[in-house]
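In: Coordinates for the following, if possible.
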Amino acid sequence: MPKGYVIVRATVTNPEQWAKYGAMTKVALDKFGGTPVVRGGQCETIEGVGAPRNVVLEFPSYEAALGYARSPEYAEAKKQREGAGVLDMVVVEGV
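Out: Coordinates of the predicted model:
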């Protein structure tokens with residue numbers, strides 16, 4: 001079964017508040033067996049429109065990745081993120 005990935009591109013406007021959101025996402029991450037592959041760090045946009053913060057989370061399956069993104073636990077974390085920045089999130093099936 002292919003793994004699932006959550007890919008996030010974000011612009012953070014309130015780092016303190018964003019850190020609280022990030023800490024709260026751990027509950028959902030653990031529940032669905034997710035592992036951070038990329039979480040911030042140095043990046044450079046080579047083509048297209050980039051974002052200053054990028055995150056890749058790996059899950060055991062596409063269904064687990066969707067479960068994370070749609071979970072009540074993640075919804076609670078999202079509330080903490082309001083006003084702290086903007087993001088684009090996609091769930092992708094691995095090869």
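In: got the residue ranges for the helices in this structure?
Out: For the chain, the helices defined by DSSP state H occupy 15-31, 62-70, 72-81.
In: outside of the last one, which residues touch it?
Out: Counting by Cβ atoms under 8 Å, 6 or more residues apart in numbering, the neighbours of helix 72-81 from elsewhere in the structure are 17-18, 20-21, 24-25, 27-28, 31, 68, 87. Heads up, the C-betas are built off the backbone N, CA and C, glycines and all.
In: repeat for stretch 53-60
Out: By Cβ under 8 Å, 6+ apart, stretch 53-60 touches 1, 3-12, 29, 32-41, 43, 65, 68, 85, 94.
In: Could you turn the buried ones of the contacts of helix 72-81 into a PyMOL selection?
Out: Buried residues among the contacts of helix 72-81 (16 or more other Cβ atoms under 10 Å), as a PyMOL selection:
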select buried, resi 17+18+21+24+25+28+68+87
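In: G48: how many residues sit nearby?
Out: Applying other Cβ atoms under 10 Å, we find 5 residues neighbouring G48.
In: do M1 as well
Out: 10.
In: mind listing what's buried in stretch 65-77?
Out: For stretch 65-77, the neighbour count (16+ other Cβ under 10 Å) marks 65-69, 71, 73-74, 77 as buried.
In: Oops, could you answer that again for stretch 43-52 instead?
Out: Under the neighbour-count criterion of 16+ other Cβ under 10 Å, stretch 43-52 has A51 buried.
In: and that stretch, how far apart are its ends?
Out: Stretch 43-52 has an end-to-end distance of 7 Å (Cα to Cα, to the nearest Å).
In: if we can go back for a sec, looking at the helices of the chain, which is closest to E47?
Out: With distances scored as Cβ to Cβ, the stretch of those nearest to E47 is helix 62-70 (25.3 Å).
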